[in-house]
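In: Fold the following, please.
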Amino acid sequence: MMKLVAEKMTVSKINTVISCDIQKVWGIVTSVENYTWRSDLSKLEVLDETWFIEYTKNGYPTFFTVTCSEPFMCWEFDMENSNMRGHWVGLFTGRKQETEIEFTEYVSVKKFYMKPFVKAYLKNIRLCLFQTWKRKYFVRKVCKMEYRVNDTKLTASVFIPFANQIWQGSYDMELTQEALSKTLNITAYDGDLLAGCLRILTDGYFFGTITELLVLPKYQKQGIGSKLLALAKENTPTMLYFGAQPGVELFYEKNGCGKSLQSYMIDKK
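Out: I've put the predicted structure just below:
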């Protein structure tokens, strides 16, 4: 990088946020051996832990030397071919189940007539890489859900394993079945798998409450909870009063739920 600083370079910077944990993103980005997803390459040779060579479809080589590898933080390398030489920096920042990546490329062209086009070329290459990564590795598979209102066939043998993936507890089979028989059960299925459930307990006239709204972790943030809540609003015979766990209040407000009376509880000793 020291030699390149003295040269007049073109700098290209781009960043994106990927909905995936940083460990997986880091593994995909830095795994140079796995290049089959790269439609622009014919092959890639790994010479050792720090040197590798990429070949375009026409057999044109670019040589890379990894200069910094700090897991889940920074990955840098020098690159050179007959047209240009430069340095590439990738910075990774984890944010819960998301990862922000910032890529910066410093390039010095060897042929003067390429200079007007190099910045647009670099930006296009990085955008293509981002789009391919997201499409192939990080886009969550969207499943076609089957929603059931008043799911009277919901059994404790199905509900208890489902609930234990979200709220672990020692649930009694018979008591759970009895509880399910007293509620209006609105469910979401991915095939035969129970993926989401909202239960309404109501007297049919004066009062109703949502006992719980549960969605399996791997199906969350796909609109299933919102759909279950919409079906509850359409099918409840009464107004619904319910509490919300800290941190999820915004979800209910976005789905048209208004704040009401503060809730209290009487614990059964």
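In: where exactly do the helices run in this structure?
Out: Along the chain, counting by DSSP state H, helices occupy 2-6, 22-30, 115-133, 156-164, 173-180, 224-235, 249-254.
In: For those helices, which has the smallest mean pLDDT value?
Out: For the helices of the chain, mean pLDDT drops lowest on helix 2-6, to a mean of 41.
In: Output the below-cut-off pLDDT ranges for the stretch 1-150 of the chain.
Out: Where the stretch 1-150 of the chain drops to pLDDT under 70, the residues are 1-9, 37, 114, 117-143.
In: Next, please give the residue ranges for the strands of the stretch 1-150 of the chain.
Out: 10-18, 41-46, 51-56, 61-70, 74-80, 84-95, 98-109, 146-148 (DSSP state E, counting those that start in this stretch).
In: just the stretch 151-269 of the chain next, same as before
Out: Using DSSP E, counting those that start in this stretch, strands in the stretch 151-269 of the chain cover 184-190, 193-202, 208-215.
In: gap between the longest one and the chain center?
Out: The one in question is strand 193-202. 24 Å (Cα atoms, centre = their mean, to the nearest Å).
In: again with the first one
Out: In terms of Cα atoms, centre = their mean, the centre of strand 184-190 is set 24 Å apart from its chain centre.
In: Domains in this structure, by residue range?
Out: As recorded under automatic domain parsing, the domains making up the chain are 2-138, 146-254.
In: a markdown table for the ones you listed, including distance to Leu261 and mean neighbour count?
Out: C-beta here means a position set from N, CA and C on the backbone, and glycine is covered the same way. Below are the domains of the chain laid out as a markdown table (distance: least, Cβ to Cβ, whole Å; neighbours: other Cβ atoms under 10 Å):
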| stretch | distance to Leu261 | mean neighbour count |
| --- | --- | --- |
| domain 2-138 | 32 | 15 |
| domain 146-254 | 7 | 15 |
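In: Between the strands of the stretch 151-269 of the chain, which one is closest to Gln23.
Out: strand 208-215 (23.5 Å; Cβ to Cβ).
In: Next, the angle from the closest one to helix 224-235.
Out: With axes from the mean of the first three to the mean of the last three Cα atoms, to 10 degrees defining the directions, strand 208-215 sits at 160 degrees from helix 224-235.
In: I'd assumed Tyr60 was in contact with Ser42.
Out: No: Ser42 lies out of contact with Tyr60 (Cβ atoms under 8 Å); the separation is 9.2 Å.
In: Kindly reformat the strands of the stretch 1-150 of the chain as TSV containing distance to Thr211.
Out: Below are these laid out as TSV (distance: least, Cβ to Cβ, whole Å):
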stretch	distance to Thr211
strand 10-18	35
strand 41-46	54
strand 51-56	56
strand 61-70	47
strand 74-80	48
strand 84-95	32
strand 98-109	31
strand 146-148	17
